[in-house]
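J.: Need coordinates for the below:
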Amino acid sequence: MKKLFAILAVAAALTACNSGSDDKAANADTTKTPMTDATKLTDSANKMVDSASKVVDKMTDSASKMMDKAADKMKDASKMVEKAKETPKKN
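T.: Okay, here's the model as predicted:
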C-alpha cells in the first residue's frame with residue numbers, strides 16, 4: 001500500500017510538472033529553483049540544530065555544576081551531623 005502511494009505521489013508530481021504548456025516567462029526565472037529552496041531550508045535547519053545543541057550543552061553544564069554543588073552541600077551537612085553527634089549534650 002505504501003508503494004502504491006509513493007508511485008501515485010511521483011506520478012502526480014511528474015504530471016503537475018509536465019502539464020504540456022511551455023510558458024517561456026515561467027522558465028526564464030532560473031534563479032529560484034526548488035533545489036536552491038531546499039538548500040536554504042537545509043542550511044536553516046542545520047543552524048537551528050547547532051543553536052539547539054549549544055543550548056543543550058549549556059543546560060547540561062549548568063545542571064552538572066548544580067549537582068556538584070548539591071553534593072558538596074550534602075557532604076557539609078553530613079559533617080555537621082557527625083559533629084553534632086560527637087558533642088556531649090548539655091543538661
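
J.: average pLDDT for stretch 46-59?
T.: Mean per-residue pLDDT for stretch 46-59: 88.

J.: Now do it: distance to the chain's middle.
T.: Stretch 46-59 has its C-alpha centroid displaced from the chain centroid by 7 Å (Cα atoms, centre = their mean, to the nearest Å).

J.: Buried residues in it, which are they?
T.: Buried positions in stretch 46-59, judged by neighbour count with 16 or more other Cβ atoms under 10 Å: none. In this view, the C-beta of every residue, glycine as well, is placed from N, C-alpha and C.

J.: Relative to residue 3, how far out is residue 85?
T.: 74 Å (Cβ to Cβ, to the nearest Å).

J.: just residue 44 next, same as before
T.: Distance of residue 44 to residue 3, computed by Cβ to Cβ: 32 Å.

J.: quick one, phi/psi of residue 83?
T.: As for residue 83, its main-chain torsions (degrees, to the nearest 10) stand at phi -60, psi -40.

J.: what about it, how many neighbours?
T.: By other Cβ atoms under 10 Å, the residues close to residue 83 number 9.
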